[in-house]
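Would you be able to build a 3D model of this:
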Amino acid sequence: MNKEKNFASAVIYVHNSADRLGEFLGTVINVLEENFEHSEIICVNDYSDDNSAEVIRKTSASAKNTSVSLLNMSYYHGIEAAMNAGVELSIGDFVFEFDSTVLDYDTEEIMKVYRHSLKGYDIVSASPDIKQKASSSFFYWLYNRSSVNKQDFTTNSFRILSRRVLNRIGNINKSTPYRKAVYSTCGLKTDNIVYKCTNSKRASIEKKEQRYRSRLAIDALILFTDFGYRMSLVLTAIMMFAALIMGIYSFVTFIFGNPIEGWTTT
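I've put the predicted structure just below:
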């Protein structure tokens with residue numbers, strides 16, 4: 001089998017996922033070693049409370065040609081900052097971003113995304129064909145409707161980026177809290193592949209991660225859409241309408257001499 005000459009990097013986000021991390025990391029190692037001559041994996045451990053780091057060290061021992069690195073964050077940063085740190089360390093011609101360690105797709109989907117990128121796409125993402133959670137559906141609906149560039153965002157399990165993307169965005173990605181928005185506005189060709197979901201089980205989300213995602217959603221709406229502007233217009237219109245009603249009521253009361261009955265305040 002002829003292997004790909006391109007250097008492939010894989011950045012995996014890890015946070016309290018020891019129960020499924022071994023299988024996932026082993027799968028990524030096998031895919032890269034079977035298809036690429038040179039590859040690396042960077043596991044970003046976002047201050048996990050479980051033994052995720054130990055699982056990474058144990059599983060990485062099975063790698064033959066693939067370099068496996070562990071990046072430990074000193075405190076919980078959240079997926080955006082953690083993945084940015086991992087991507088910054090990568091040296092591959094193509095970089096896989098795995099935002100989740102839930103393996104709900106066939107392993108061939110990983111190479112399918114890579115081969116699709118060779119057709120001229122610098123960014124190719126992969127999304128499951130199942131219905132999103134209500135909160136995710138609402139956020140993406142609101143984001144897509146409010147986006148200035150009329151985006152069509154949806155939930156992604158992983159994506160691949162060309163080195164040209166990373167060179168173009170430069171330092172922008174470090175200070176921007178939402179990678180999807182940065183990638184979509186870099187001016188390079190993008191595409192999304194929908195895969196058949198093989199496992200409908202979803203990973204549990206901790207309270208601090210829920211709070212982080214809520215803040216991230218608000219920041220994304222404020223920074224990359226005109227949602228804030230529209231809300232300010234709506235609130236202004238409501239206040240002006242209320243003031244107009246009160247003004248009309250006061251004017252009618254004054255003209256017809258029909259004051260409100262009751263005791264005056266002292």
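
If you count neighbours, what's buried in stretch 178-197?
178-186, 188, 190, 192, 195 (16 or more other C-beta atoms under 10 Å). Backbone N, C-alpha and C define where each C-beta goes, glycine included.

ok, now stretch 32-39?
32, 33, 35, 36, 38, 39.

now do stretch 53-70
So, applying 16+ other C-beta under 10 Å, buried residues of stretch 53-70: 53, 55, 56, 59, 60, 63, 66, 68, 69.

hmm, who's touching that stretch?
Residues outside stretch 53-70 that contact it (C-beta atoms under 8 Å, 6 or more residues apart in numbering): 14, 18, 21-22, 25-26, 29, 32-33, 37-43, 45, 72, 89.

Now do that stretch: distance to the chain's middle.
25 Å (C-alpha atoms, centre = their mean, to the nearest Å).

average pLDDT across that stretch?
Averaging pLDDT along stretch 53-70 gives 97.

Tell me how many other residues crowd residue 74.
Other residues within reach of residue 74, judged by other C-beta atoms under 10 Å, total 6.

Check the spacing between residue 220 and residue 126 real quick.
As judged by C-beta to C-beta, to the nearest Å, residue 220 and residue 126 stand 20 Å apart.

Ignore what I typed, I meant residue 223.
Distance, residue 223 to residue 126, using C-beta to C-beta: 25 Å.

When these two are compared, which one has more neighbours?
A count of neighbours by other C-beta under 10 Å puts residue 126 above the other of residue 223 and residue 126, at 21 against 13.

Please write out the alpha-carbon positions of the helix or strand hosting the more buried one in CSV.
In this assignment (DSSP states H and E), residue 126 forms part of strand 123-128. The C-alpha trace of strand 123-128 is given here as CSV (Å, rounded to 0.1, in the frame of the first residue of the first chain):
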residue,chain,number,x,y,z
ILE,A,123,-11.0,23.2,5.4
VAL,A,124,-13.2,20.1,5.5
SER,A,125,-15.3,19.3,8.5
ALA,A,126,-17.3,16.2,9.4
SER,A,127,-20.8,16.2,11.0
PRO,A,128,-23.1,13.4,12.2
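
tell me which residues of that strand are tucked away?
123, 124, 125, 126, 127, 128.

I'd guessed the last one sits against residue 199; true?
It stands for residue 128. No - here residue 128 does not reach residue 199: they are 9.3 Å apart, not a contact under C-beta atoms under 8 Å.
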